[in-house]
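*Asks:* Have a look at this prediction, sequence included:
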Amino acid sequence: MTPEKIIFLIVAGATLVSALMVVTTRNIVHAAFWLIAALFGVAAIFAILNAGFIAVVQVVVYIGAIAILFIFAVMLTRKDLRDTSAQQNRNWQAGALIAALTFGGLAALFQSWEKLSVAAPAIPSSFDAVAELGSQLTSPSAYVLPFEVASVLLLAAMIGAVYIAFTRK
Amino acid sequence: MDFLNDPLKVTAEWLEGIFGAWGMNAAFAHVLVVFLGVLLLLVLLMVVDIFLVWMERKVVSRFQDRIGPNRVGPYGLIQPFADIIKLVIKEDITPNGADRALYNLAPILSMMAVLMVWAVVPIAPVILGTDLNVGVLFLIAAGAIGTLSIIMAGWGSNNKFALIGGFRQVAVMVAFEVPMLTMLLIPTIFAGSMNMNAMIQAQDKIWYFVISPLGALIFLIAVIAELGRAPFDLAEGESELVAGFNTEYSGMKFGMFYAGELLHAMTFGGIWAILFFGGYRFFGLEQVSPFLAAAIFLAKALIGYWIIMWVKYTMVRIRIDQMLAFNWIFLTPLSFVLLMVTALMNALLRGTPSWVYGIGMFFSNVILAWLALEIARSVSRKEREKIEGAKPLAEAHH
């Protein structure tokens, strides 16, 4: 077992445990902080996969913005931060069955995929992932259209939010 | 390759050789050596932090026409150790109804957010943690952890002052992150890379402060707000909030917040030096020895820290609404316009001789700063007229 594998197993285990705690803890603010731990674990997995940009953006966007928004929303809108309702509904057995089947199916599929055991080729030192990402996002022969469509969508959402929040004097 | 030219690599190879001779797997030996390197960096930073406490107290006392600590040891140098002993033996109080886990985690995260930044800081050309190609974004990510620690402290303390202080600080940090991130993109445009070491290497002709003075200034303002120091220290406005988010903390837990803040200020002094003042560069002296380069970097970081202290002990605290208005109405639009102008000028002046490029950039900055100040002045004059228009009535009563 290589050190890389050990680090991956520790990070993946911590991510899964935090994700489980998000849905099982009774205290909603704690759930938000466990969610942050899970998101941080995902960022660490991106970093292990040599996707430094995605890892950092994961932390900046999900922890720095979205999770903090969650915490504020929870603190400002709820009077009692403990959740007393039942944590499962009647369908939990069916849900567990579907989840187990999906996991089993995916595991079987990956087992039969011969490329799973092939080691990825080493990344040449001259490869700049950030520069490559930038040119792909602005190149007409690559992803400029989806990028612009997403930008327009976000702009529309922003204008909508400003319009809703705007009060005429 | 000898120790004086590349100390980290030589030491790492020597240690890996020793571990290898003990029969350790090469990959594990490498991981162990990296861990030891991280440990060494953290210990050094903590030792520097102890002396920062002394320095901050000495500098503030000079600003306030006092002498400062001068009783324990020469120039009061042993004072911080006495402070630490006092903090450690103080009673550790957890308030009733506090959220124990979050309350105890907050000071640790606050310190961690600062120490994390040093993972990407190039102290000398060959002395650096990791050569991350998204170094400047990593800064913002570490700042997000700091914001979290403030929320944790404010909410976990079960104290209204702490909670309000925490809310204020988070509002400030989230708001000023926008101009800060925008200003980080200006050295990125000049250097064509987000890698901090590449940015320093690209400042061989001229420091970025000279070609983007406005950018350096906005970055400094955003940094001071991010640090929660005066004039943006309303999260711990003593007259209204006791001590803000760290009201309930005692002993070494308070010490962690305090030491973390000082180290944070020094760290951002260093980041400011890297982005706009050439980092470890000083007229080719950095080529002589990595140790000299590290000393240059430390000196520049301390000068940046001194400027942050100078601002802190000279300015008065401003109100939260003034501060948020200052950010969202003035600083954020200005930084967006500056980013667009810089990107446009960079595209227009590409290929021209470097002195044309530098002068063009400098004057576009100056003109933009002048325009922004003129607009701000006319807006504030209108505001003043609106208020003063009602004033004669009030004066009639006198």
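*Replies:* Arrived safely.
*Asks:* which parts of chain A sit against chain B?
*Replies:* Counting by Cβ under 8 Å from any Cβ of the partner chain, chain A comes close to chain B at A:2-4, A:27, A:29-30, A:33, A:36, A:52-53, A:56-57, A:59-60, A:63-65, A:67-68, A:71-72, A:75, A:128-131. All C-beta spots, glycine's among them, are computed from the backbone N, C-alpha and C.
*Asks:* Mind checking which of those residues land in helices?
*Replies:* A:3-4, A:29-30, A:33, A:36, A:52-53, A:56-57, A:68, A:71-72, A:75, A:129-131 (DSSP state H).
*Asks:* ok, longest helix in chain B?
*Replies:* From DSSP H, the single longest helix across chain B is helix B:26-63.
*Asks:* Give me the helices and strands touching it, please.
*Replies:* On a contact count with 3 or more Cβ pairs under 8 Å, 6 or more residues apart in numbering or on different chains; DSSP states H and E, helix B:26-63 meets helix A:3-24, helix B:7-21, helix B:79-89, helix B:251-276, helix B:290-314.
*Asks:* Go through the last one and flag the buried ones.
*Replies:* By neighbour count, with 16 or more other Cβ atoms under 10 Å in any protein chain shown as the criterion, the buried positions of helix B:290-314 are B:290, B:293-298, B:300-302, B:304-305, B:308-309, B:311-313.
*Asks:* go on, the shortest one?
*Replies:* Applying a neighbour-count criterion of 16+ other Cβ under 10 Å, one finds B:Q79, B:P80, B:D83, B:L87 buried in helix B:79-89.
*Asks:* Can you tell me how far the second one is from chain A?
*Replies:* I take that to be B:P80. Per Cβ to the nearest Cβ, to the nearest Å, B:P80 is found 33 Å from chain A.
*Asks:* Now the residue in chain B positioned nearest to chain A: phi and psi?
*Replies:* Across chain B, no residue is closer to chain A than B:A144, which sits at 3.1 Å (Cβ to the nearest Cβ). B:A144 adopts backbone torsions of phi -60, psi -40, taken as degrees, to the nearest 10.
*Asks:* what's around it, how many residues?
*Replies:* When neighbours are defined as other Cβ atoms under 10 Å in any protein chain shown, B:A144 has 23 of them.
*Asks:* B:G20 and B:A26, how far apart?
*Replies:* 6 Å (Cβ to Cβ, to the nearest Å).
*Asks:* Output the buried residues of helix B:79-89 in CSV, with pLDDT appended to each entry.
*Replies:* As requested, those are exported to CSV (pLDDT from 0 to 100):
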residue, pLDDT
B:Q79, 86
B:P80, 86
B:D83, 84
B:L87, 86
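*Asks:* Columns distance to B:I189 on top of the residues you listed, output as JSON lines?
*Replies:* Shown next, in JSON lines, are these (distance: Cβ to Cβ, whole Å):
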{"residue": "B:Q79", "distance to B:I189": "45"}
{"residue": "B:P80", "distance to B:I189": "41"}
{"residue": "B:D83", "distance to B:I189": "44"}
{"residue": "B:L87", "distance to B:I189": "44"}
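*Asks:* mind listing what the residue most central in space within chain A touches?
*Replies:* The structure's chain A has its C-alpha centroid closest to A:L39; by Cα atoms, centre = their mean the separation is 5.6 Å. Contact analysis of A:L39 by Cβ atoms under 8 Å, 6 or more residues apart in numbering or on different chains lists A:Q58, A:V59, A:Y62, A:I63, A:A67.
*Asks:* who touches the most centrally placed residue in chain B in this structure?
*Replies:* In chain B, the centroid-proximal residue (Cα atoms, centre = their mean) is B:F268; its distance is 2.5 Å. Residues in contact with B:F268, defined by Cβ under 8 Å, 6+ apart, are B:V223, B:E226, B:L227, B:G304, B:I308.
*Asks:* Burial check on the third one, number of neighbours?
*Replies:* Taking other Cβ under 10 Å as the criterion, the count of residues near B:L227 is 22.
*Asks:* Verify the contact between it and B:M266 for me.
*Replies:* No. Using Cβ atoms under 8 Å, B:L227 is not in contact with B:M266, being 10.3 Å away.
*Asks:* Give me the neighbour count for the closest residue to B:G166 other than its chain neighbours.
*Replies:* Nearest residue to B:G166, sequence neighbours excluded (Cβ to Cβ, 6 or more residues apart in numbering or on different chains): B:G154, at 1.9 Å. Close neighbours of B:G154, defined as other Cβ under 10 Å, add up to 29.
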